[in-house]
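In: next one to model:
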Amino acid sequence: MKIAIVSPYPPSKLTLNEYAHHLVTHFQEKREITELIVITNELPEGEQYSIDVGNVPVRFEAVWNFNSFKNPLSILKTIKLHKPDVVFYNIHFLTFGDNKVAAALGLMTPMLTRLSGFVSVVLLHNIIESVDLSSAGFTRNVFLKWIYTMFGTFLTFMLLRANLVAVTISKYVSILEKKYKADNIALVPHGSFETPDEPSFQLPAGPKKIMTFGKFGTYKKVESMIEAVELVRNRTGADLEIVIAGTDSPNVQGYLDAVQEKYSEVPQITFTGYVEEEDVPRIFKESAMVVFPYTSTTGSSGVLHQAGSYGCAAILPNIGDLKALIEEEGYRGNYFEPDNVESLADAIEELVLNDEKRIQLGKANYVAAASLPMADITDWYMLHFNHLINEKAVNKQNSTVAQLIKSLNRRETVTINPAQ
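Out: Presented below is the predicted three-dimensional model:
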């Protein structure tokens, strides 16, 4: 089986790059796969794609660009060149651009892939119905929100023209089946990137690190976390370090620079910038807890699964999809009310002062992460891929038989009129 994966991939800085890396790593272990083609975005000059040698050869085709109108043509040309058995899209609504036209054209590519005769599978990490357009940086205008929602609904219909659309939250399955009358939806959990040996849950010497991880500036904002930690310091006198690991959201370039300037007088605050894949374990293992300073969510949280893998306690906002995910997959955390510094400080302070509870939450999250490793998730996808490939073969065979019968019927109905 030859599989093409359309997705950002490290060292690209586009969202979902790390998820693609772990998908590819675990697909390399599948004996049924003969080749993986990663159809990804072009890199800046001097950078290149690479991967450790595994059981399955991996070819990188860097043919598309963020915000390019040519992405559908470039991707389809590459697909037709390699003729994979399955084309697997690892995407969300802004994968191909924050320019509305470029994003829309990119999201039509899975449909065009199927129309071109290839099996098209989409892993859709968010849906328009779950996105708070104000918090996510789209618009606060009521009329424009309506326009975006209608446009998003249209694009969802286009995405659903793929052979299969996988989502990571059961709520999304219900919405897509009810609103769009879709019958090609699969629930496939997000999965945990790594399942290391069970950690010791003991912290290194020095200040306790209160860490947040991600792309910031839209619905993930760090001001409330900085102010909450300052409040905890004043209340308890605890030795705390603030670690902000990650970069700006593509929609809000310059956000973290502005935050760093605003809070330049706050002691023991570290802005790591982009965290390379090999540095991720260290960042999590050194942290006393991981804070999720979200005002809304746009889907399943990869950071939560990473936190679980390394046995970290989580400080979580009491909001919709994220809480549903926690309940479904067994994760636990201390909750706070979004945009409420006092509430966030209370949640952080409890774990700063109570190591027993911090360790208890970390252990629960490790167990949740270990129960859904990425190796199992890729097995689920392989089952879907095999089913769709077999279904395509049967349909092709039935079509050939039907054409043959039709041809024979035509011959039998040809008569010669003796009178002529």
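In: CA atoms for contacts and neighbours, from now on please.
Out: Fine.
In: may I have the secondary structure class of residue 392?
Out: The three-state label given to residue 392 by DSSP: H, G, I helix; E, B strand; the rest coil is helix.
In: neighbours of it, how many?
Out: A count of neighbours around residue 392, defined by other CA atoms under 10 Å, yields 16.
In: please, where are all the helices along the stretch 151-300 of the chain?
Out: In the stretch 151-300 of the chain, the helices defined using DSSP state H, counting those that start in this stretch lie at 170-180, 223-236, 255-262, 280-285.
In: any chance of these in TSV, plus mean pLDDT, mean neighbour count and distance to residue 332?
Out: Formatted as TSV, those follow (pLDDT from 0 to 100; neighbours: other CA atoms under 10 Å; distance: least, CA to CA, whole Å):
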stretch	mean pLDDT	mean neighbour count	distance to residue 332
helix 170-180	93	15	18
helix 223-236	97	18	19
helix 255-262	95	14	28
helix 280-285	92	17	17
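In: save these as CSV, and put in distance to residue 107 too.
Out: Shown next, in CSV, are the helices of the stretch 151-300 of the chain (distance: least, CA to CA, whole Å):
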stretch, distance to residue 107
helix 170-180, 16
helix 223-236, 33
helix 255-262, 27
helix 280-285, 30
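In: among those helices, which is nearest residue 389?
Out: helix 170-180 (22.8 Å; CA to CA).
In: for residue 27, what are its contacts?
Out: 33, 56, 378 (CA atoms under 8 Å, 6 or more residues apart in numbering).
In: can you select the buried ones among these for me in PyMOL?
Out: Burial among the contacts of residue 27 is assessed by 16 or more other CA atoms under 10 Å; the matching PyMOL selection reads:
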select buried, resi 33+56+378
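In: tabulate the contacts of residue 27 (CSV), appending pLDDT and distance to residue 203.
Out: What follows is those, written out as CSV (pLDDT from 0 to 100; distance: CA to CA, whole Å):
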residue, pLDDT, distance to residue 203
33, 97, 41
56, 93, 38
378, 96, 33
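In: select from the contacts of residue 27 every entry located in strands.
Out: When strands are assigned by DSSP state E, not one member of these lies inside them.
In: closest to residue 46 out of the contacts of residue 27?
Out: For these, the minimum distance to residue 46 (CA to CA) is 26.3 Å, reached by residue 56.
In: wait, the closest one sits on residue 33?
Out: Yes. Assessed by CA atoms under 8 Å, residue 56 is found in contact with residue 33 at 6.8 Å.
In: all strands for the stretch 201-350 of the chain, in order.
Out: Listed in chain order, the strands of the stretch 201-350 of the chain (DSSP state E, counting those that start in this stretch) span 208-216, 240-248, 269-273, 287-291, 313-317, 334-336.
In: by contact count, what packs against the second one?
Out: The elements that strand 240-248 packs onto, with contact taken as 3 or more CA pairs under 8 Å, 6 or more residues apart in numbering; DSSP states H and E, are strand 208-216, helix 223-236, helix 255-262, strand 269-273.
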